[in-house]
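In: have a look at this prediction, sequence included:
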Amino acid sequence: MATDPKKTDVAVKILPSGKNGLLKLLYVNPGQKNVEVKFYDEKGVLFTENVKSNRFKDGFIKFYDIRELKPGKYWLEVVDTEQSVKYAISLTKNTMWVNYWDNYLPADQAVAMKK
């Protein structure tokens, strides 16, 4: 979990989704209204989404389909007015590995299956 040292209730996590082909993103930061989620590869930005978290009291959970991504290195960045959190992701033929997990799972733990 990535947290802001000034506020212990700010969190961004990539969680196992329990379903093949889906990445599960948890964002918690009470009071934030707009959050930007970006997916990058080595060439640049692949996808950007502005999520209005005012639909939810303290944050949101979003699912992202990763089935069409080719094996390689990717980054997921979550930005609000207080923080920017970036996860390094390695995608093999069938498995996604997240390098930044901070006391939840080891860095070599699979979090999503493509098939």
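Out: That came through fine. Numbers count the residues shown, from 1 in each chain.

In: all strands for the chain, in order.
Out: Here the chain has its strands, by DSSP state E, at 2-4, 7-15, 22-28, 34-41, 44-52, 59-65, 72-79, 84-91, 95-98, 110-113.

In: lowest confidence element among the helices and strands of this protein?
Out: Every helix and strand of the chain was ranked by mean pLDDT, DSSP states H and E. The lowest is strand 2-4, at a mean of 45.

In: lowest average pLDDT across the strands of the chain?
Out: Lowest mean pLDDT of the strands of the chain: strand 2-4, a mean of 45.

In: endpoints of stretch 77-97, how far apart?
Out: Using CA to CA, to the nearest Å, the end-to-end distance of stretch 77-97 comes out at 15 Å.

In: also stretch 27-35?
Out: End-to-end distance of stretch 27-35 (CA to CA): 9 Å.

In: which non-adjacent residue is nearest residue 14?
Out: residue 98 (5.2 Å; CB to CB, 6 or more residues apart in numbering). From N, CA and C alone the C-beta is placed, and that goes for glycine too.
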